[in-house]
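>>> Mind looking at a prediction? Sequence and model below.
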Amino acid sequence: MNGEDKEDTPGARAAFAGIATTTLADVPGRRQVMDIGLRPLWQPVPRIAGPAFTVRCPPGDDLVLHAAIHRAGPGAVVVESRDRGHVPAGGDVCAVAQRRGVAAFVADGPIRDLAEVRETGFPVFARG
C-alpha cells in the first residue's frame, strides 16, 4: 500500500475535478492513463477526483484490500491490482468503502454483486 499524499487537499481535488480528462491524460503521459479495459460498472457514473490509494493483492488474498479501505483517507480512490481471474470485491466491500468516505474503487479484475453496487451509487471501475 502507499502512503498518504501530503499535497491532497479539498482545493486540489476541486481543481483537478475541473480539468478536462484529455488534458490530464496528455500532461503526464499515457502511462498515467487508466487502461481502456477498465470501465464504469453503471451509468451515468459521476465524475470523480481524488488521490489514488494503490494496493496490490496477492492471488486469493483480500486482506490487503480491506486494510486499504480502512487506511485510505476520505475522498481517496482505492486502486487495486491483482490476478485478473480473481474477484476482488463485491457489494459488501464497496458499501464499507462508501461508508468510510472512499470516493471510488478501481479494480483490475471483475466485481461481483453488481446490482447491489449499482443500487448504492458507489462509483466502481473494473474489467467486468
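Looks like it came in fine.
>>> now do the same end-to-end measure for stretch 52-68.
The stretch stretch 52-68 measures 11 Å between its terminal residues, going by Cα to Cα, to the nearest Å.
>>> Now do that stretch: distance to the chain's middle.
Computed by Cα atoms, centre = their mean, to the nearest Å, the chain-centroid distance of stretch 52-68 equals 12 Å.
>>> where does the residue positioned nearest the centre of the chain fall, helix, sheet strand or coil?
Nearest to the centroid of the C-alpha atoms of the chain, with distances taken as Cα atoms, centre = their mean, sits Phe105, at 2.6 Å. The assignment at Phe105 comes out as strand when based on DSSP: H, G, I helix; E, B strand; the rest coil.
>>> Quick check: it touching Val124?
Yes - with contact defined as Cβ atoms under 8 Å, Phe105 reaches Val124; the gap is 4.9 Å. To be clear about C-beta, it is placed using only N, CA and C from the backbone, and glycine gets the same treatment.
>>> Mutual contacts of the two, please.
Both Phe105 and Val124 are contacted by Cys94, under the criterion Cβ atoms under 8 Å, 6 or more residues apart in numbering.
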